[in-house]
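Colleague: Pasted the sequence and its predicted model underneath.
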Amino acid sequence: MEVFGGFIIGLLGSFHCIGMCGPIVLALPIDYVSRTELIVGRWMYNLGRVVTYTLLGIILGALGQKVIVIGAQQYASVAFGVIILFSVFLPSEIKNYFNKIFFIRWLNDFVKISFSKLVGAAKISNLFIFGIVNGLLPCGFVYVGLAAAISLGNVFSSAIFMAFFGLGTVPIMFATSLFGGFINAELRTKINKLLPALTVLLAILFILRGLNLGIPMLSPKMDKFSQVSCCSK
């Protein structure tokens, strides 16, 4: 379930991320000797993003384990579900306000400065670092993925979840880096209209999981002091 859920969220989120990260991807250096070097460079960029997401999964998984210790995993799952659900219906003015929070502004500035230093260099190793930095870019769907990761309450499960979240973003982002805007604006608009509904579905799954209903895979029974992953039966 961690693998499937992480990959699907990443894949769906990548359509949304084209709007934010598309210009960044298209700005990647392309002055390589061969087509093979170009492809390898793009893979290294995407691998860097996957590494960042996996590391974030480890950090959030460790935090989630602390939640398990105090016997609050199911409450955390419900809380994250409610937060995700609430975020879907927030007015855009309020969502834009969060972008002005100091940490978010600092992170955006850090990413922009790092990009400006790396974008002029065509070394494949630099593209790997480029991807690592890109993984830190504030993004709503990454936050959804991290909320899922922390609710798993297990470092390994959270790391796997976020690794496959990153892998789910690779097909679209890799194709964009090679072929440019192969997904036209009309298709992106249609997909973006579906994303809120899919996000609501994900939030409901979080809430059901935390309600401890004893339904295999969907809402497994959790003992207060035991660790249960989302793939428990």
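Modeller: That came through fine. Computed from a prediction, not measured in an experiment: that's the story for all the values here. Residues are numbered from 1 along each chain as shown.

Colleague: Which of the helices and strands in the protein ranks last by mean pLDDT?
Modeller: Within the chain, no helix or strand scores below helix 92-98, which has a mean of 66 by mean pLDDT, DSSP states H and E.

Colleague: Quick one: list the elements packing against the helix or strand that that helix is followed by.
Modeller: Later in the chain than helix 92-98, the nearest helix or strand by DSSP states H and E is helix 102-118. Applying 3 or more CB pairs under 8 Å, 6 or more residues apart in numbering; DSSP states H and E, one finds that helix 102-118 contacts helix 124-134. In this view, the C-beta of every residue, glycine as well, is placed from N, C-alpha and C.

Colleague: In the helix it packs on, which of the residues would be classed as buried?
Modeller: The neighbour-count check on helix 124-134 (16 or more other CB atoms under 10 Å) flags 124, 126-134 as buried.

Colleague: Report the contact partners of L63.
Modeller: When contacts are counted by CB atoms under 8 Å, 6 or more residues apart in numbering, L63 touches I150.

Colleague: What's the biggest helix in the protein, counting residues?
Modeller: Taking DSSP state H as the criterion, the chain has its longest helix at helix 35-69.

Colleague: Show the low-confidence segments of the chain, by residue range.
Modeller: Where the chain drops to pLDDT under 70, the residues are 1-3, 16-23, 26-27, 29-33, 67-72, 93-103, 118-122, 180-188, 190-192, 214-233.

Colleague: quick one: which helix or strand includes the residue lying closest to T54 once chain neighbours are set aside?
Modeller: Distance criterion CB to CB, 6 or more residues apart in numbering; nearest residue to T54, sequence neighbours excluded, is A163 at 4.3 Å. Per DSSP H and E: A163 is located in helix 155-179.

Colleague: Which neighbouring elements make contact with that helix?
Modeller: helix 2-26, helix 35-69, helix 140-152.

Colleague: Reformat these as TSV; add distance to L202.
Modeller: TSV is the format used below for the helices and strands packed on helix 155-179 (distance: least, CB to CB, whole Å):
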stretch	distance to L202
helix 2-26	7
helix 35-69	16
helix 140-152	7
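
Colleague: and I104, which of these is closest to it?
Modeller: helix 140-152 (10.7 Å; CB to CB).

Colleague: buried ones in the closest one?
Modeller: Under the neighbour-count criterion of 16+ other CB under 10 Å, helix 140-152 has 140-142, 144-152 buried.

Colleague: follow-up on the earlier one: what angle separates the longest helix of the chain from helix 124-134?
Modeller: Going by axes from the mean of the first three to the mean of the last three CA atoms, to 10 degrees, helix 35-69 is angled at 30 degrees with respect to helix 124-134.

Colleague: In the helix or strand following helix 35-69, which residues are buried?
Modeller: Past helix 35-69, further along toward the C-terminus, the next helix or strand under DSSP H and E is helix 73-88. By neighbour count on 16+ other CB under 10 Å, the buried set for helix 73-88 is 73-74, 76-81, 84-85, 87.

Colleague: Name the nearest of the residues you listed relative to F206.
Modeller: Set against F206, the nearest of the buried residues of helix 73-88 by CB to CB is G81 (3.0 Å).

Colleague: so what's the closest one up against?
Modeller: Counting by CB under 8 Å, 6+ apart, G81 touches 203-207, 209-210.

Colleague: ditto for V88
Modeller: Neighbouring residues of V88 by CB under 8 Å, 6+ apart: 196, 199-200, 203.

Colleague: follow-up on the earlier one: and the residue nearest to T54, how far from I113?
Modeller: Distance of A163 to I113, given as CB to CB, to the nearest Å: 27 Å.
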